[in-house]
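> Below is the structure, and that's it, no one-letter string:
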């Protein structure tokens, strides 16, 4: 599993709020682009946008005709440039091009001498070339501006989503760390009670506790990795089993994971992971004398009821190892973990051993 900062590190790192720059300034800056954003619906009108381009050309033509007596010669495109710019801005690229073409043709035919003719003399060609250049630059810049505004808003929305996700994860982390500290405290009390006053037993208990806490920290590092937030539980448990098998050197033990593509929040997934670690580790140590076997993890969902099963085909439990027959610390830990998710655990002993955790998803 990936190694990042351990959640059982310094307390100050736990309680300090995440230093995430608020997205409000970024969203506030978008107000400059609000008018661009407001044109999205107009730019998605399709044929109606083309009709608007024709109407804009007609309005520019009527205005140019009305102003013609008051204008000196040499301004054929005066009212058409604003029409092209406004059409491209409000209705998009294609209507802008349509308006530019219609405006250029209308100005050429009506306002460039010889009037009412498509004469292509040298001065006319130069005038048309300048017109084409100017409207091409205008339309291109407006289109690029629209693309930049859309990208800016998408980035801001993604930033807001990630901020909310991080805030939610931090709240869950605070809750889980508090619960896990209580769990660690209870586990250490169990170790102390089991060790009694025997120094050798104390050392063994401390080493056992260290191993369990190390496993817990590894699981937390993996679970709180943002890249794993949306992973299906089946993939997570497949990786978890592979890591446990490698750590135990159990090369001939096969793991099968049969789970639907569901996701659990961390309040459920963390205890389930620790339960799986306890049971799988115990099976790897004791269930397979010859080092060969299969451990199967299965999850069945029936409405809100979840059944999580871990079964091995090993030698099974002896009467002394059966639940309730002894004072197993591992079984007490598993029972406490099951209680954290409002579930209960049961065992079947026969050919192999099956542990079954039942709980409500909404609990």
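In hand now; what should we look at? Since this is a predicted model, take the numbers as computed values, not measurements. Numbers count the residues shown, from 1 in each chain.
> So which residue is dead centre in this protein?
Centrality entry for the chain: nearest residue to the mean C-alpha point is residue 230, 6.5 Å, by CA atoms, centre = their mean.
> got a list of what the nearest residue to that residue once chain neighbours are set aside touches?
When the adjacent residues along the chain are set aside, residue 230 lies closest to residue 263, with 6.6 Å between them (CB to CB, 6 or more residues apart in numbering). For the C-beta atoms, the positions are set from N, CA and C on the backbone; glycine is no exception. The contact partners of residue 263, taken as CB atoms under 8 Å, 6 or more residues apart in numbering, are 230-233.
> Give the PyMOL command for selecting the buried subset of those.
The command below creates a PyMOL selection of those among these that count as buried (16 or more other CB atoms under 10 Å):
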select buried, resi 231+233
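> Can you name the residues in contact with stretch 296-304?
For stretch 296-304, using CB under 8 Å, 6+ apart, the contacting residues are 233-234, 237, 241, 255-260, 262, 276, 306-312, 360-362.
> Any of these buried? List them.
Among the contacts of stretch 296-304, those classed as buried by neighbour count (16+ other CB under 10 Å) are 233-234, 237, 241, 255, 257, 259, 276, 306, 308-312.
> ok, back up a step: and the residue nearest to the centre of the chain, what helix or strand is that in?
Counting by DSSP states H and E, residue 230 is held by no secondary-structure element, helix or strand.
> okay, now residue 72: neighbour count?
By the other CB atoms under 10 Å criterion, the neighbourhood of residue 72 contains 5 residues.
> Now do residue 173 against residue 332, distance only.
According to CB to CB, to the nearest Å, residue 173 stands 26 Å off from residue 332.
> neighbour count winner among the two?
Relative neighbour count places residue 173 above the other of residue 173 and residue 332, with 17 against 14, counting by other CB under 10 Å.
> Restricted to helices, list the buried ones among the contacts of stretch 296-304.
Filtering these for membership in helices, criterion DSSP state H, returns 233-234, 237, 241, 276.
> Show me where the stretch 51-200 of the chain dips below the pLDDT cut-off.
With pLDDT under 70 as the threshold, the stretch 51-200 of the chain has low-confidence stretches at 176, 180.
> For the residue lying closest to residue 345 once chain neighbours are set aside, give me its contacts.
Counting by CB to CB, 6+ apart, the nearest residue to residue 345 once its immediate chain neighbours are dropped is residue 338, at 4.5 Å. By CB under 8 Å, 6+ apart, the contact list for residue 338 reads 271, 275, 344-345, 357, 359.
> Generate a ChimeraX selection restricted to the buried subset of these.
Selecting only the buried members of the contacts of residue 338 in ChimeraX, with burial defined as 16+ other CB under 10 Å, works like this:
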select :271,275,345,357,359
